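Q: With the input below, show me the fold.
(chains A and B)
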Amino acid sequence: MRSPSEGRRRHCLRQLDAGPLREYFGRPFPSPALDYRCVDYVALDLETTGLDHRQDQILSVGWVVIRGQRIDLASARHRLLRCEGDIPAETAVIHQITDDEAAAGLRQGRVLRELLGVLAGRVLIAHHAKIELSFLDAACRELYGGGLLVRCVDTEVLARRTFERRNIPFRPSELRLHALCERYNLPRYRAHNAFYDALAAAELFLAQVAYRDNGNGFRLGDLL
Amino acid sequence: MDVELIEIQEFLAKHPPFEQLPTEALEQLPRQFTVRYLKRGSAFPPADDQAAHLYILRRGAIELRDAEGELVGKLAEGDLFSDVCLSGVDGSDTGGGGSAGSGGSGSESNTGNSSESKDSSDPSNNNAGKRTGKPKPKPKLSGETVEDSLLYSMTCAHFEQLGSAHPEFAEYFDGSTTTRLRKALDAFTEPTAATGGLMTVSARDLLRRTPIKASPDISIREAARIMSDERVSALLLMKDERLSGIITDRDLRNRCVATGLSTEQPVREIMTATLSTIDADALGFEALLQMTRLNVHHLPVVDGKRLLGMLSTSDFMRFQSTSGVYLVGDIHKAESVAALEAISDKVPELQVQLISSGATGGHVGQAVSAITDAITKRLLELAEAELGPPPVPYAWLVGGSQARREQSSHSDQDNALLIADNMSKDDDHYFRQLAERVNDGLNACGYIYCPGEVMAKTANWRQPLATWQQYFEHWIKRPDPKALMLASVFFDLRALHDPTGLFDGLHELVLELSRDNRIFIAYMAANAIKHRPPLGFFRNFVLIHGGDHNQTFDIKHRGTVPIIDLARVYALSSGLAPINTIERLEAASETAALSHDGGANLIDAFELINTLRIRHQASQLRNGEKADNFLAPEQLSPLERGHLKDAFLLIDRMQETLGQRYQAGRFG
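A: Numbers count the residues shown, from 1 in each chain, chains lettered A, B, ... in the order given. Prediction:
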C-alpha cells in the first residue's frame, strides 16, 4: 500500500468529471515532509456484510476528525447505509444492524459525498486499513468512475512495527484494535459499531504517536 | 444529536457536576469536548493547549503538586480539573488557581486576585496558610500524568456558557478542588477515629483527662480523699516523676478496710507496685486486650518513660464493644476443644466487623493473630492440665503469619517445640502428646495442619535447644533450596509460651549468624524477588487468564508476600529482632539496609495492599463465600487502582535495588 503521490492526484483530477470525487481530488494531499502534528486526520471504520468488496456491501460508516492531536467529538459521525438484499445473519449478530435498519439507511452516494468532503486534504486513519480502502475504492469506482487515492495511516501496521522494533514477540490477536487499546490504557467501549471502532482507532493513534514522539515531532512520512 | 456519543455522555453523566445537568444539556455535552492522550510522565495541563481548558480524566491518573512541589492531590478517572478556567473567570477561589503551565496563555494567570471567597481564610487550607499571614498569590498547581491518560477537554468559554445556563452546575465549583481531592485521598488512606472503633484509635486518643497523681508517701486516708474529690476509681502514685504504683477502689476495700489496716499508714503499703503499662501509640484494642488478659481495670499509658494518663474500663464504654476482645475473654474460659471450636467459628465474622468499622489490614492481622495466640495458649493449658506439668521447660514457637501477627481468618498452622537441653529420651513421650493435642485442637478450630508438616507433632520440629541451634547454623552457613523454602516459617519465629526464656538465646544466635553473612543474605534476596508484582509493560495489571480465577490477580502472592520477603531480608541482613513486617521495615529504615523514604513507602504500600486484600475477603465472607486472594481490578475504585499501581511499582523498584545489591540473579 504505497502512499499516493501528488502527481497521481493531479492526474486523477484531470480524468474525472465534476462531482464529489473530483472535488476531493481538488485539495492537495498533506505532504509527507510535514510535521505530523500539523496534519488533520480522519479516523474511520466501516462495517460490511463481508470481507470481499466485490460482492459484499458497506453497512455503516463511522468517523471522527483529529486536529492538532485532539479528537474533535463535534465531528463524530455514524451513518447507516441503505442496503440491497438481506444481511447475512452472522454479520447481523456482530454489528446488530438489522434488515429493517439497513433498509431505512441512507443512500451510499449521499454518505460517500459527505465522507469525501471530510477526507479532502486530510490523512485517513484506520485499523487494518486494507478493508476500508478496498471498499471505499470500489464504491468510488461504481459511483464516480474513478478509484480513491488517499494518504493513510494504518494503526495495525504501526503497532506491528513497534513490536518488531522492540523485539517483543507477539501473537496476531495482540494486534487487534481492542487488545492494543488496552495496552495503552484506553477505554473499552461496549458498543461494537463503526463509530466506536473509529473512535478507538483515533485514540490508539494518539497513543502511538505520543509514544513515538520524543517531544520534537517527526515527519508525517514516517507514519505512512 | 446523533446517538453515537451515548457512551461518552453516560460517562460524563456519572460524574459530578455533570450529573446535575438536565438530559437535553447532557445530550449536547459530548460534542463540546475534544479528546487528548498524554502518555505517562507528560506535563499537565499540557503546555501546548492554546486556549484554557477544563479537563476530565477519562482514563489514567495525574498527580498535582503545588508551587513547592508537594503532592496535593491526585486525579483519577472521572475527576475534573477546572482550576485554569475558574481562576480566569470570576475570582472564586479554587485553592489552586493560576494557569499552571498553559504555555501559550500566560494571561490566564490571575495571581493578584483580590475578591477572595471565605475559602482561603480557612485555616484548614494549609496550602495557603503555610507561608505568610498576608494576602498571597494563590499556589499554582501543576501536574504530571503518572499513568497513560486519556483526557476530555472543553474550552473555558464553553464551560462558562454551561455555568451561566445552569446555576446548579456553577455552584459546584464554589469549593476548592484541592481540598476536595485531599479529602478523598484522606478518606481512603486514613480511616480515622471518626469511622472506626478501638481498632483505629490509639491508647493516647482514648485518654480523657490529665492523670490524677499523688506521692506514694501520703496516707491511705489522704489518697482516698483525693480519689473521692476527683471522682476517680484509681490513683497513680508517682515518685520523682516516675510511676511507682497504682491504687484502686478495690485495693482500698480489700487491702485496707477488710483487713482493718490503719488509714494513717502510707498508701504505698497497699499499692500495686509491679505495673503493666501500655504505649501511647498502641491501639485501643490492644489496651483492652491487655486489660482482659491481666484481669485489671486500669492501665497506665506511657510515652517512652513519660506517663500520659490512665485508661480505665469505663473509657472503653464510649466505644462499641468490639467482640474480638470478648472472644479472647471467652477463650480463656473455654474448658474443651469443642468450646474453642465454637469461638473460633466467629473469627470470620469478627474480620468482617473490623473491616466495616474501618480497620486496616494491619489491625485485622493483629486482632486475628491475637485470637490464634489465645486459642493456642488455651490448648496448651488444657493439655498440661491433662498430662501434668512438663518434665523439663519448653517453649511453644509459632512461625509464619501468626508469628508476624499478620494472620487473616484461618490460615494453616505453623509451629514447633523447643525443649530444654536437659530433656531425657523418655521425656519426648510427654512432648509428643502435648504437641498432638495442640496441633489436633488447632486443626479442629480451623487452623488446618501445615501441608509441609511444620508442626510440633512432627519429630524434626520437636527438638532440644542444641538441635535447633544446629538447624539454624546449617541453614545459614550452607543455604540450600530447602532452607529457603522454610525461611518464611523459621526466620519468622516467635515464642508464644516460653516461661523460662529458652527462645531468647536461639533468636539472638540466628540474628548473629545471619547478619552480614553475604552468601546467606544473597540467597534470601534471590528468593525475595521471585514473586513480582503484577504490572505489565504499560503499567496495566497483569491478570490471570482462564481457570477459576479468570481476569484477576493474586494480591497476596504478588502484593503482600513480596513486601514480607523484602522486610525479612532487610531485618536479617542487619540483625534486627522484630518479626512483624511493619516493625521490621521501621527498624530497617534506621539502618543502612533501607532508606528512610524507602521504609516509609513500603510500609504505606504494605498497609494499602493488605487493606485492599482484607476488604476483598470481608466482602466475600459477607456474601457467604470462602475468602481468597484473587482480586479483579474492576472491584476497585479508580483511585484505589491508582494507589495499588503505585504500590506495585514501588515493590518492583525495591526488588530491583535489592537484586542489584546482592547480585541475586546469580543465586536465583
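Q: which residues sit in contact with the residue of the stretch 51-200 of chain B found nearest chain A?
A: Of all residues in the stretch 51-200 of chain B, B:Asp148 sits closest to chain A, at 4.0 Å by C-beta to the nearest C-beta. In short, each C-beta sits where N, CA and C put it, glycine included. Contacts for B:Asp148 (C-beta atoms under 8 Å, 6 or more residues apart in numbering or on different chains) come out as A:Tyr184, A:Asn185, A:Leu186, A:Ala207, B:Tyr37, B:Leu38, B:Lys39, B:Arg40, B:Arg59, B:Gly60, B:Phe538, B:Arg539.
Q: From those, list the buried ones, please.
A: With neighbours counted by 16 or more other C-beta atoms under 10 Å in any protein chain shown, the contacts of B:Asp148 contain buried members at A:Tyr184, A:Asn185, A:Leu186, A:Ala207, B:Tyr37, B:Leu38, B:Lys39, B:Arg40, B:Arg59, B:Gly60, B:Arg539.
Q: Wait, A:Asp35 touches A:Asn216, no?
A: No: counting by C-beta atoms under 8 Å, A:Asp35 stays clear of A:Asn216, with 9.1 Å between them.
Q: Looking at these two, which one has more neighbours?
A: Neighbour count, other C-beta atoms under 10 Å in any protein chain shown: between A:Asp35 and A:Asn216, A:Asp35 has more, with 12 against 6.
Q: The residue nearest to that one when sequence neighbours are not counted: what secondary structure?
A: Leaving aside its chain neighbours, A:Asp35 sits nearest to A:Gly217 (4.4 Å; criterion: C-beta to C-beta, 6 or more residues apart in numbering or on different chains). In three-state terms, and counting by DSSP: H, G, I helix; E, B strand; the rest coil, A:Gly217 is coil.
Q: contacting residues for A:Gly217?
A: Contacts of A:Gly217 by C-beta under 8 Å, 6+ apart are A:Asp35, A:Tyr36, A:Arg37.
Q: just checking, next helix/strand downstream of the helix or strand bottoming out on mean pLDDT in chain B?
A: One helix or strand of chain B scores below all others by mean pLDDT, DSSP states H and E: helix B:126-129, with a mean of 36. Counting by DSSP states H and E, the next helix or strand C-terminal to helix B:126-129 is strand B:142-145.
Q: quick one: pLDDT of residue 216?
A: Let's take chain A. With respect to pLDDT, A:Asn216 has a value of 88.
Q: other chain: chain B
A: pLDDT, read off for B:Pro216, is 92.
Q: Please report how far it lies from chain A.
A: B:Pro216 sits 68 Å away from chain A, going by C-beta to the nearest C-beta, to the nearest Å.
Q: A helix includes that residue, no?
A: No: assignment of B:Pro216 by three-state DSSP gives coil, placing it outside any helix.
Q: the strands in chain A, which residues?
A: For chain A, the strands defined by DSSP state E cover A:41-48, A:58-67, A:70-80, A:123-126, A:152-154.
Q: Let me see the confidence value for residue 166.
A: Just going to use chain A. 84.
Q: switch to chain B, that's the one I care about
A: 84.
Q: now do B:Ala632
A: Note for B:Ala632: predicted pLDDT of 90.
Q: Out of the contacts of B:Asp148, flag the one nearest to B:Arg255.
A: Distance to B:Arg255 across these (C-beta to C-beta) is lowest for B:Arg539, with 66.9 Å.
Q: Check which helices and strands the longest helix along chain A is in contact with.
A: Ranked by residue count, the top helix of chain A under DSSP state H comes out as helix A:194-212. Applying 3 or more C-beta pairs under 8 Å, 6 or more residues apart in numbering or on different chains; DSSP states H and E, one finds that helix A:194-212 contacts strand A:41-48, strand A:58-67, strand A:70-80, strand A:123-126, helix A:155-165, helix A:177-183, strand B:34-38.
Q: If you count neighbours, what's buried in the shortest one?
A: It refers to strand A:123-126. A:Val123, A:Leu124, A:Ile125, A:Ala126.
Q: One more: stretch B:212-220?
A: For stretch B:212-220, by 16+ other C-beta under 10 Å, it's B:Ile212, B:Ala214, B:Pro216, B:Ile218, B:Ile220.
Q: As JSON lines, those residues with distance to B:Asn580 would be great.
A: Formatted as JSON lines, those follow (distance: C-beta to C-beta, whole Å):
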{"residue": "B:Ile212", "distance to B:Asn580": "35"}
{"residue": "B:Ala214", "distance to B:Asn580": "38"}
{"residue": "B:Pro216", "distance to B:Asn580": "36"}
{"residue": "B:Ile218", "distance to B:Asn580": "42"}
{"residue": "B:Ile220", "distance to B:Asn580": "43"}
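Q: Looking at those residues, spot the one nearest chain A.
A: Looking across these and measuring by C-beta to the nearest C-beta, the closest to chain A is B:Ile212, at 60.4 Å.
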